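**Q** Sharing a model that was predicted from the sequence below.
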Amino acid sequence: MIGSHGDDSVVSESGLVVILGNSFNIKQYACRNMADDVGVDEAFCTSCGTVIKKEAEICPECGTRQQESSKTTAAQIPDQRQYELEKITNKSTGVAITLGILLSPLGYIYLGKWGLGAINFLTLNYLLLGPIIVPIHCYKIMNDAEDELKRAGVEGY
(Lines give C-alpha, C1' and ligand atoms only; values in the text may rest on other atoms or scores of the structure.)
Protein backbone atom coordinates (compact mmCIF):
# COMPACT_ATOMS: atom_id res chain seq x y z
CA MET A 1 0.00 0.00 0.00
CA ILE A 2 1.18 3.45 -0.88
CA GLY A 3 -1.12 5.64 1.17
CA SER A 4 -4.51 6.40 2.53
CA HIS A 5 -7.31 8.08 0.59
CA GLY A 6 -9.89 9.09 3.20
CA ASP A 7 -10.97 7.28 6.36
CA ASP A 8 -12.29 4.05 4.82
CA SER A 9 -10.09 3.65 1.71
CA VAL A 10 -6.54 2.71 0.82
CA VAL A 11 -4.50 3.46 -2.34
CA SER A 12 -2.55 0.43 -3.58
CA GLU A 13 0.68 0.38 -5.65
CA SER A 14 -1.32 -0.25 -8.83
CA GLY A 15 -3.17 3.03 -8.35
CA LEU A 16 -6.46 1.50 -7.24
CA VAL A 17 -8.47 2.96 -4.42
CA VAL A 18 -10.06 0.20 -2.38
CA ILE A 19 -13.07 1.34 -0.40
CA LEU A 20 -13.35 -0.79 2.67
CA GLY A 21 -16.85 -1.57 3.83
CA ASN A 22 -18.40 -4.62 5.43
CA SER A 23 -17.01 -7.97 4.27
CA PHE A 24 -19.70 -8.27 1.58
CA ASN A 25 -19.17 -4.86 0.01
CA ILE A 26 -15.67 -4.07 -1.26
CA LYS A 27 -15.43 -1.85 -4.37
CA GLN A 28 -12.44 -0.84 -6.45
CA TYR A 29 -12.11 2.39 -8.40
CA ALA A 30 -9.34 3.27 -10.83
CA CYS A 31 -7.38 6.40 -9.88
CA ARG A 32 -5.38 7.13 -13.00
CA ASN A 33 -5.27 9.49 -15.92
CA MET A 34 -7.67 7.75 -18.29
CA ALA A 35 -6.53 9.57 -21.42
CA ASP A 36 -3.00 8.13 -21.07
CA ASP A 37 -4.11 4.49 -20.84
CA VAL A 38 -6.54 4.19 -23.76
CA GLY A 39 -5.54 3.22 -27.29
CA VAL A 40 -7.42 4.07 -30.48
CA ASP A 41 -9.43 0.80 -30.47
CA GLU A 42 -9.84 0.66 -26.69
CA ALA A 43 -12.38 1.93 -24.16
CA PHE A 44 -13.04 1.66 -20.43
CA CYS A 45 -15.46 -0.85 -18.91
CA THR A 46 -18.60 0.94 -17.76
CA SER A 47 -18.51 -0.96 -14.48
CA CYS A 48 -14.94 -1.60 -13.30
CA GLY A 49 -12.94 0.85 -15.46
CA THR A 50 -10.61 -1.77 -16.97
CA VAL A 51 -9.25 -0.98 -20.44
CA ILE A 52 -11.04 -3.23 -22.95
CA LYS A 53 -11.50 -3.35 -26.73
CA LYS A 54 -14.20 -1.01 -28.07
CA GLU A 55 -15.95 -3.93 -29.76
CA ALA A 56 -16.15 -5.96 -26.53
CA GLU A 57 -19.70 -6.77 -25.47
CA ILE A 58 -18.68 -8.13 -22.05
CA CYS A 59 -15.78 -7.02 -19.85
CA PRO A 60 -13.27 -9.87 -19.38
CA GLU A 61 -12.44 -8.63 -15.86
CA CYS A 62 -15.83 -8.17 -14.22
CA GLY A 63 -18.21 -9.80 -16.72
CA THR A 64 -20.45 -6.73 -17.06
CA ARG A 65 -22.26 -6.29 -20.39
CA GLN A 66 -21.21 -3.04 -22.01
CA GLN A 67 -23.76 -0.52 -23.25
CA GLU A 68 -24.73 -1.04 -26.84
CA SER A 69 -24.88 1.86 -29.25
CA SER A 70 -28.26 3.56 -29.42
CA LYS A 71 -28.16 3.95 -33.19
CA THR A 72 -30.97 2.14 -34.93
CA THR A 73 -30.83 1.19 -38.57
CA ALA A 74 -33.72 0.68 -40.94
CA ALA A 75 -32.95 -3.04 -40.99
CA GLN A 76 -33.67 -3.24 -37.24
CA ILE A 77 -37.30 -2.08 -37.64
CA PRO A 78 -39.54 -4.90 -38.84
CA ASP A 79 -41.44 -4.14 -42.04
CA GLN A 80 -44.81 -4.40 -40.26
CA ARG A 81 -43.75 -1.84 -37.62
CA GLN A 82 -42.40 0.52 -40.28
CA TYR A 83 -45.68 0.20 -42.23
CA GLU A 84 -47.72 1.02 -39.09
CA LEU A 85 -45.53 4.03 -38.27
CA GLU A 86 -45.77 5.34 -41.83
CA LYS A 87 -49.57 4.98 -41.76
CA ILE A 88 -49.72 7.10 -38.59
CA THR A 89 -47.35 9.81 -39.85
CA ASN A 90 -49.22 10.12 -43.16
CA LYS A 91 -52.42 11.10 -41.32
CA SER A 92 -53.37 14.76 -40.84
CA THR A 93 -52.47 16.13 -37.41
CA GLY A 94 -55.25 18.71 -37.63
CA VAL A 95 -57.91 16.09 -38.32
CA ALA A 96 -56.68 13.88 -35.45
CA ILE A 97 -56.73 16.79 -32.98
CA THR A 98 -60.16 18.02 -34.17
CA LEU A 99 -61.68 14.54 -33.85
CA GLY A 100 -60.07 14.19 -30.43
CA ILE A 101 -61.73 17.39 -29.26
CA LEU A 102 -65.18 16.75 -30.74
CA LEU A 103 -65.54 13.05 -29.90
CA SER A 104 -62.36 11.71 -28.35
CA PRO A 105 -62.65 8.02 -29.33
CA LEU A 106 -62.69 9.08 -33.00
CA GLY A 107 -59.25 10.69 -32.62
CA TYR A 108 -57.77 7.30 -31.67
CA ILE A 109 -59.76 5.41 -34.31
CA TYR A 110 -58.52 7.84 -36.98
CA LEU A 111 -54.94 6.92 -36.04
CA GLY A 112 -55.74 3.20 -36.14
CA LYS A 113 -55.63 2.82 -32.36
CA TRP A 114 -58.94 0.94 -32.07
CA GLY A 115 -58.14 -0.42 -28.61
CA LEU A 116 -57.56 3.04 -27.15
CA GLY A 117 -60.73 4.27 -28.85
CA ALA A 118 -62.78 1.39 -27.40
CA ILE A 119 -61.40 1.94 -23.88
CA ASN A 120 -62.09 5.67 -24.17
CA PHE A 121 -65.67 4.97 -25.28
CA LEU A 122 -66.46 2.23 -22.74
CA THR A 123 -65.15 4.25 -19.79
CA LEU A 124 -67.17 7.29 -20.91
CA ASN A 125 -63.93 9.27 -20.88
CA TYR A 126 -65.19 11.26 -23.86
CA LEU A 127 -67.59 12.95 -21.43
CA LEU A 128 -64.90 13.77 -18.86
CA LEU A 129 -61.27 14.64 -19.66
CA GLY A 130 -61.20 13.00 -23.09
CA PRO A 131 -61.59 16.25 -25.07
CA ILE A 132 -58.50 17.61 -23.30
CA ILE A 133 -56.27 14.53 -23.03
CA VAL A 134 -56.99 12.69 -26.30
CA PRO A 135 -55.94 15.49 -28.71
CA ILE A 136 -52.66 15.87 -26.83
CA HIS A 137 -52.09 12.11 -26.83
CA CYS A 138 -52.93 11.84 -30.56
CA TYR A 139 -50.39 14.58 -31.30
CA LYS A 140 -47.79 12.75 -29.19
CA ILE A 141 -48.49 9.43 -30.95
CA MET A 142 -47.96 11.08 -34.34
CA ASN A 143 -44.73 12.84 -33.28
CA ASP A 144 -43.32 9.67 -31.69
CA ALA A 145 -44.02 7.69 -34.86
CA GLU A 146 -42.20 10.27 -36.97
CA ASP A 147 -39.27 10.41 -34.54
CA GLU A 148 -38.89 6.63 -34.60
CA LEU A 149 -38.82 6.64 -38.40
CA LYS A 150 -36.17 9.39 -38.36
CA ARG A 151 -33.99 7.46 -35.88
CA ALA A 152 -34.31 4.37 -38.06
CA GLY A 153 -33.02 6.29 -41.06
CA VAL A 154 -36.14 5.72 -43.17
CA GLU A 155 -36.07 8.04 -46.19
CA GLY A 156 -38.48 10.95 -46.22
CA TYR A 157 -38.71 11.46 -42.45
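**A** That came in fine, so what should we check first? Numbers count the residues shown, from 1 in each chain.

**Q** what's the longest helix in the protein?
**A** As assigned by DSSP state H, the longest helix anywhere in the chain is helix 130-152.

**Q** Residues in contact with that one: which ones?
**A** 72-74, 76-77, 82, 84-86, 88-89, 91, 93, 96-102, 104-105, 107-108, 110-111, 113, 120, 125-126, 157 (C-beta atoms under 8 Å, 6 or more residues apart in numbering). For the C-beta atoms, the positions are set from N, CA and C on the backbone; glycine is no exception.

**Q** Pull out the buried residues from those residues.
**A** 77, 85, 88-89, 91, 96-101, 104-105, 107-108, 110-111, 113, 120, 125-126 (16 or more other C-beta atoms under 10 Å).

**Q** Give me the contact list for stretch 89-103.
**A** 106-111, 126, 130-131, 134-135, 137-139, 142, 145-146, 149, 157.

**Q** Apply 10 Å and report the result again.
**A** By C-beta atoms under 10 Å, 6 or more residues apart in numbering, the list of residues contacting stretch 89-103 from outside reads 88, 105-112, 117, 120-121, 126, 130-139, 141-150, 154, 156-157.

**Q** Settle this for me: residue 56 is touching residue 66, isn't it.
**A** Yes: under the criterion of C-beta atoms under 10 Å, residue 56 makes contact with residue 66 at 6.2 Å.

**Q** Name the residue in these two with the higher neighbour count.
**A** residue 66 (17 against 14; other C-beta atoms under 10 Å).

**Q** Any regions of this structure where pLDDT drops low?
**A** Where the chain drops to pLDDT under 70, the residues are 1-38, 68-75.

**Q** all helices in it, in order from the N-terminus.
**A** So, for the chain - with DSSP H - the helices run 34-37, 79-89, 93-102, 104-110, 114-122, 130-152.

**Q** Figure out which of those is closest to residue 43.
**A** helix 34-37 (10.0 Å; C-beta to C-beta).

**Q** Just want to check the distance between residue 129 and residue 119.
**A** 13 Å (C-beta to C-beta, to the nearest Å).

**Q** what's the answer for residue 138, then?
**A** When residue 138 is compared with residue 119 (using C-beta to C-beta), they lie 14 Å apart.

**Q** how is the chain carved up into domains?
**A** What automatic domain parsing lists as the domains of the chain is 3-53, 74-152.

**Q** So which of those domains is nearest residue 61?
**A** Closest among the domains of the chain, using C-beta to C-beta: domain 3-53, at 4.3 Å.

**Q** Kind regards, and thank you for your time.
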